[in-house]
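I would like the atomic coordinates for the input below:
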Amino acid sequence: MMPIDFNQLRVAMVDDQIAGRGVRDPKVLEVMRVVPREIFVPEPLREFAYEDSALQVDAEQTIPQPYLVAVMTEALSIGIRANVLEIGTGTGYTTAVLSRLARSVCTVETSAATAARAANALLALGCTNVHFLHGDESHRFAQHAPFDAIMVNAPGPHVPQALGQQLAIGGRLVMSVGIDPAVRELVRVTRVSESEFRTEDLADIRVAVSAAGSLRISTRRNRGGARGSPDMRLAKAVAAGCERFDTVDSVELGPLLERIGNARVVLMGEATHGTSEFYRMRERISRELIVRKNFNFIAIEGDWPDAARIDRYVRHGRHRPARWTAFARFPAWMWRNQEVRGFVDWLREHNAGLGTAERVAFHGLDLYSLYNSIHSVVGYLEEIDPPTAGIARQRYGCLTPWQSDPASYGYAALNARYRSCEQEVVSMLGDLLHRQPIYTGHDGERFLDAVQNARLVADAERYYRTMYYGSRASWNLRDSHMFETLEDLLSFHGPASKAIVWAHNSHVGDARATEMSRRGEHNIGQLCRQAFGSAACLIGFGTDSGTVAAASDWDGPMEVKTIRPSVAGSYERLCHEAEVANFILPLRGPASAALLDSLSQPRLERAIGVLYRPQTELQSHYFQAVLPRQFDEYIWFDQTRAVKPLDTETIEGLPETYPFGL
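A predicted model of the protein is given here:
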């Protein structure tokens, strides 16, 4: 057998697993290319040294996943003169990485035997700037303080206050925290002053553990399960309990509509943001809900001002010129596609036969359109109340320097100089609401539009600031905004109004049934379930393989990508093994109690958003969920294909007001 070329494997690891996932610090990348991970791994496991996973090296020690080491190291921003503290030496691999970047490393290991093995490996590499504290000495690290950086390799429920006190002013500490051993949050604590510390959420960490309690190493597996295995028996039960259909056009929706019953809100998800079958099935169900159950409006995971252009078109409203194109920002294909265009045309034709008050509306729930919303508020006030329009321009001017890149405002807002924008945009919303009795007399629809745009600006300003403090807070703010917008729309359309929501599964499914809840996250599905109870119907979608429209990086070009077949142990693999091409699976009655109980064991579930990275799919796109608690219905397409994006030019033959053509 030919010897293993560890140098080649190491370079490939950095390119694919580390740089390929967004680690950019050139010093970190270079160190990861030169530190030989294989010498910290026992001989029988060395062929796996550069696998994209942690490795259990003995009964007590685990060598961490290379990507996690790189992310934590990059977050510490270690300079060449830095004094670094590491809690938990373990095998010494992370210590070796830190020692190549810092002036000195003090590493703490409670096990003297483990510390001795790590010291021998580090000595062989020439890491002479490492000072060991082990056994009875492990508590003496304070003697070496202050530290410019502290890396804590062992997870805990929170960051120990005593460790923060060992940081120098400006120093950073990185560790994973959380009470659930399977789901944790990677955080960074920066010491701002003697008494002030800033905490940021950096990333979510999911730890997969086998039944035996050891860390599960992700490997490729054969597609089929053993006949007679529990999963194969469950797959057969799914096949027996589902409602099969051949095509979207031919599906019989009567049983589904009967189960939806008198629901006031029907939320329909999607497992990707770029799959044709999901859009076409949601359209098919929405048409039936509109025609047979008199639903009043569609609300999408899209920006309010963009959706407002669609709304004016489908309800034959007055066209108002705009300097921007609807749904033209990244990811343009998500709503700017042939599938949505078909539904929009149907909705316009349907509304043509109805009175103005009965026409079905089309609204957006999301909050990314910061500057288009500012433009809409100012434009409205220029017509209704010119003096107040001048005040609005002055107040919103605080945000003008950041209009080309709103996310950069969030970064700048870390500086206290820019925080005054919050007061300005919130006061503008307050002024609009205070003038409601005056403005609604002109045009209630226009006032609703202006208020929602002003609310969007206030929430978006906060969102872009919050995103630099943590993923959990920004996610919750965004979904709370979507839910509050939905509530406002139901109120505006009247007490008997009914809504259809189109959004991703991760927003629509009840977050309490997924690992999101362990991270303290909620979503619009959970909020609707809590507010409306059984009057909210949550419908999820899934697929095994096919193609999808997605990008590789944020703001990157759309690509038609091949979806990898689902992984073993996932709900998607279970549905695939049911060997039914397309089906609807009821997750309430009349499904059998035995089937629902079997489906209620936590499994992996796939989520592909606007980005899809097949090479890191297990880490990037799978999460744990309990399907029957997450959704009321689950719609399956075994094979799917990508949506067809629309061009941005005007579509010949359509009226000038056509929303996608301007």
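
how is the chain divided into domains?
Following automatic domain parsing, the chain resolves into domains at 6-206, 230-661.

so can I have TSV of those showing mean pLDDT?
What follows is the domains of the chain, written out as TSV (pLDDT from 0 to 100):
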stretch	mean pLDDT
domain 6-206	90
domain 230-661	83
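
where along the stretch 401-550 of the chain do the strands fall?
499-502, 536-550 (DSSP state E, counting those that start in this stretch).

got a markdown table for the domains of the chain, with mean neighbour count too?
Where you see a C-beta, it was placed from the backbone N, CA and C, and this is true even at glycine. Shown next, in a markdown table, are these (neighbours: other Cβ atoms under 10 Å):
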| stretch | mean neighbour count |
| --- | --- |
| domain 6-206 | 18 |
| domain 230-661 | 19 |
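
next secondary structure after the helix or strand where R172 lies?
For R172, the element it lies in under DSSP states H and E is strand 167-180. Following strand 167-180 in sequence order, the next helix or strand is strand 183-191 (DSSP H and E).

about what we covered before: next one: the strand holding R172 to chain centre, how far?
23 Å (Cα atoms, centre = their mean, to the nearest Å).

do the same with stretch 365-384
On Cα atoms, centre = their mean, the centre of stretch 365-384 falls 26 Å from the chain's centre.

what does stretch 115-123 give?
Counting by Cα atoms, centre = their mean, stretch 115-123 comes out at 40 Å from the chain centroid.

show me what that stretch is in contact with.
39-40, 89-92, 95-96, 99, 107, 109, 130, 132, 134-135 (Cβ atoms under 8 Å, 6 or more residues apart in numbering).

list just the nearest of those residues to G525.
The closest of the contacts of stretch 115-123 to G525 turns out to be G90 (Cβ to Cβ; 39.8 Å).

what's the closest non-adjacent residue to that closest one?
Q61 (5.6 Å; Cβ to Cβ, 6 or more residues apart in numbering).

wait, the one you found sits on T91?
Yes - the pair Q61 and T91 passes the contact test of Cβ atoms under 8 Å, sitting 5.9 Å apart.

so what sits against both of those two?
Joint contacts of Q61 and T91 (Cβ under 8 Å, 6+ apart) do not exist.

the strands of the stretch 401-550 of the chain: which one's closest to A511?
Closest approach to A511 among the strands of the stretch 401-550 of the chain is made by strand 536-550 (10.9 Å; Cβ to Cβ).

what's opposite D303 in the beta bridge?
D366 (DSSP bridges).

contact partners for it?
F327, G364, D366, L367, Y368, S369, N372, S373, L456.

with distance to Y50 added, can I get the residues you listed in TSV?
Below are those laid out as TSV (distance: Cβ to Cβ, whole Å):
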residue	distance to Y50
F327	42
G364	45
D366	40
L367	41
Y368	38
S369	43
N372	46
S373	47
L456	46
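
just give me the closest of the residues you listed to V69.
Nearest to V69 among the contacts of D303 is Y368, at 33.1 Å by Cβ to Cβ.

Three-state assignment for the closest one, please.
Put simply, Y368 is coil when judged by DSSP: H, G, I helix; E, B strand; the rest coil.

same thing with T107?
Strictly by three-state DSSP, T107 counts as strand.

wait, isn't it in contact with V130?
Yes - if you go by Cβ under 8 Å, T107 and V130 touch, sitting 6.0 Å apart.

between the two, which contacts overlap?
Counting by Cβ under 8 Å, 6+ apart, the shared contacts of T107 and V130 are T95.

pretty sure D58 is touching P42, no?
Yes - the pair D58 / P42 is scored as a contact, 7.2 Å apart, by Cβ under 8 Å.

I'd like the strands of the stretch 401-550 of the chain as CSV, with distance to E339 appended.
As requested, the strands of the stretch 401-550 of the chain are exported to CSV (distance: least, Cβ to Cβ, whole Å):
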stretch, distance to E339
strand 499-502, 11
strand 536-550, 10
